[in-house]
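Colleague: Coordinates for the following, if possible.
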Amino acid sequence: MRITITAQSIIAALAITAANAFTIHSRPLSTHCSFTTRTTNPTAALTMAAPQPGDVVTVNYTLKPDGDFVPNPLFDDGTVSFILDGGNYLPALHTIVAKLSPGETQSCTMDAGYGEPREELIATVSIASSGISKNELSIGKELFLANGMQCTIVDVDEEEETFTIDANHQLAGATYSAEVTMEGFESGPSDGQFMYSPEGVPGSKFDVLTIALGCFWGGELAYMRVPGVVGSYVGYTQGQTDDPTYQEVCSGSSGHTEAMQVIFDTTKVSYEELVKVGMEKLGDSRNLVNQVGNDQGTQYRHGVYYHNFEQMMLAKSVIGSYTGCVSECMEATKFYKAEEYHQQYLLKGGTPKRSRHHSSVT
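Modeller: Numbering: from 1, shown residues only. Got it, this is the predicted structure:
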């Protein structure tokens, strides 16, 4: 889950210094410039309201990079479906779609997904207080803060005996010219489907999978690439405390495991297929207790946490089909969303979500 850093004290040191030098705020990424809106289906636009958070929207969109910004093709374009405010695709796309009614098209310039450069994400740290020796510091070296954020050393001042870190993404401020057409929307899963109900909650073609596969960053991206998945969240579940922080979960004191909630269209992909995706991603770690790859501890235990009796039977069948698999199969308890900077973490770092992309996910 973390790159190895020679100085073992880096996490503790930055927890006291740089990690406290700024606060991460959850906020929608902005769109820029003025909007041009036209209606391609006037009757529909007059009779239907705009979608609400939690609705599954279907849009057709195109993106063109502005300036000399050369993007990695992160997303499928054309016609796509996703949960409004539920992850997947650029955050600014959610902001645009929230204002559209079916049949409306909007042309605009929007954030490319890396946010505006923020001064509060730059901090100067005393070398002495960091616990890192001078010869281990170099411009361009990447570090992780105690809160899980990645940062880069951008300056080393040997005279003042300080170094400066920047947690902004290198593409912060990049934009796209976009054209977005709202084709329609429908209700997503109900609140009851995110809880445990033995008989299930009928009435929606969308359903919820809760699964733990060790570090939730790579697991979420793997599911975002599956056709039929319309939304995802990472967070913490199966623990004993309320509203745990990332640090509390990592310490093992809260009893939670890092997990994902995956929202999917049952007409395009089945619950059983998605559980198999998780089991295949685990690989040989299926046979390890409280460990996935090199990550060890109860916070990395793997399991499937079912929301109804049917899910339980399917999950047990899939898990049982793998010899020696020790993945938990338990009734889902309350799921707490992780901090905003963990959501779609690898995607924000430039790893493609595109459903046809086959690069490895760790």
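
Colleague: Can you name the residues that contact the residue of the chain most remote from its centre?
Modeller: Farthest-out residue of the chain from its mean C-alpha position, per CA atoms, centre = their mean: Glu159, at 40.4 Å. Applying CB atoms under 8 Å, 6 or more residues apart in numbering to Glu159 gives no contacts. C-beta coordinates here come from the backbone N, C-alpha and C atoms, glycine included.

Colleague: check which helix or strand covers it.
Modeller: Using DSSP states H and E, Glu159 is not contained in any helix or strand.

Colleague: any idea how far it lies from Ala123?
Modeller: Per CB to CB, to the nearest Å, Glu159 is found 19 Å from Ala123.

Colleague: contacting residues for Asp166?
Modeller: Counting by CB under 8 Å, 6+ apart, Asp166 has contacts Leu121, Ile122, Cys151, Thr152, Val154.

Colleague: Out of the residues you listed, which sit inside strands?
Modeller: Within the contacts of Asp166, residues falling in strands by DSSP state E are Ile122, Cys151, Thr152, Val154.

Colleague: Hmm, Glu142 and the third one touching each other?
Modeller: The reference is to Thr152. Yes. The pair Thr152 / Glu142 is scored as a contact, 5.4 Å apart, by CB atoms under 8 Å.

Colleague: residue ranges with poor pLDDT in the chain?
Modeller: Low-confidence segments of the chain (pLDDT under 70): 1-48, 69-74, 348-362.

Colleague: again, only this time at 80
Modeller: 1-48, 68-76, 87, 113-115, 131, 145-149, 203, 346-362 (pLDDT under 80).

Colleague: quick one: Gly255 and Thr298 touch, right?
Modeller: Yes. Look at Gly255 against Thr298 with CB under 8 Å: they come within range, at 6.8 Å.

Colleague: ok, Leu137 - contacts?
Modeller: Ile127, Ile153, Val156, Phe163.

Colleague: The stretch 51-200 of the chain: strands as residue ranges?
Modeller: Using DSSP state E, counting those that start in this stretch, the strands of the stretch 51-200 of the chain run over residues 56-65, 78-83, 104-111, 122-126, 142-144, 150-157, 162-166, 175-186.

Colleague: now the helices for the stretch 251-362 of the chain?
Modeller: Remark: helices assigned in the stretch 251-362 of the chain by DSSP state H, counting those that start in this stretch are 271-282, 309-320, 345-348.

Colleague: Give the other helices and strands that the shortest one contacts.
Modeller: Here helix 345-348 is seen to pack against helix 216-224 when contacts are counted using 3 or more CB pairs under 8 Å, 6 or more residues apart in numbering; DSSP states H and E.

Colleague: just to revisit the earlier point, now the contacts of Asp166: which count as buried?
Modeller: Leu121, Ile122, Cys151, Thr152 (16 or more other CB atoms under 10 Å).

Colleague: Considering those residues, which is situated nearest to Glu331?
Modeller: Cys151 (39.0 Å; CB to CB).

Colleague: shouldn't that closest one be in contact with Lys141?
Modeller: No. Using CB under 8 Å, Cys151 makes no contact with Lys141, being 9.7 Å away.

Colleague: Please name the residues that touch Tyr322.
Modeller: Contacts of Tyr322 (CB under 8 Å, 6+ apart): Met279, Arg286.
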